[in-house]
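1. quick one: sequence and predicted model below, then my questions.
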Amino acid sequence: MNTQLKKCITFFVLFQFFLISGLLPATKAEIISTQTFIESSAANQTRNELQTIIARDDVRGELIRLGVDPADAEQRLARLSADELQQLQGKMDELPAGGSVLALVGAVFLVLLILEIVGVTNVFNKI
């Protein structure tokens, strides 16, 4: 009886081993260059920065206002290639976030000039 139990357990363990090893995909390990690793790391960093931007409440609100589901935007962002991520990051850096400082200074100067002409303030006589 003891040998019968051992055979049964051995058969069961081997059956599970072959079943599991047949279902798992084969892995392949290769050496990658430093440049490839740096590009992959940079792409992941850019993707994380863009996901952080999309996760902001004001950006989500604007996406919803424009008819874009934020979950769809995150999925599309995850599928972008490294070059597409770099282009998107470049465009995000070029776009003004609320306007430039020069435009703000110009607007303040224009308001003060109009108030001075109308006679509400006396700012420029004190300078």
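-> Noted; the coordinates are in hand. As the structure is a computational prediction, the values presented were derived from the model and not from experiment.

2. check the offset of stretch 36-56 from the chain's centre.
-> 5 Å (C-alpha atoms, centre = their mean, to the nearest Å).

3. show the average pLDDT along it.
-> Averaged over stretch 36-56, pLDDT sits at 83.

4. so what touches that stretch?
-> Residues outside stretch 36-56 that contact it (C-beta atoms under 8 Å, 6 or more residues apart in numbering) are 59-60, 63, 70, 73-74, 77-78, 80, 82, 85-86, 88-89, 92. Any C-beta I mention is one placed from the backbone N, CA and C, and that applies to glycine too.

5. list just the nearest of those residues to Phe12.
-> Closest approach between the contacts of stretch 36-56 and Phe12, by C-beta to C-beta: Ala78, at 41.2 Å.

6. where does pLDDT dip in this structure?
-> 1, 23-24, 92-105, 115, 120-127 (pLDDT under 70).

7. quick one, domains of it?
-> Following automatic domain parsing, one finds the domains of the chain at 34-95, 97-127.

8. I'd like to know which of the ones you listed is closest to Leu5.
-> domain 34-95 (50.9 Å).

9. what about that closest one, distance to the chain center?
-> Worked out by C-alpha atoms, centre = their mean, domain 34-95 lies 4 Å from the chain centre.
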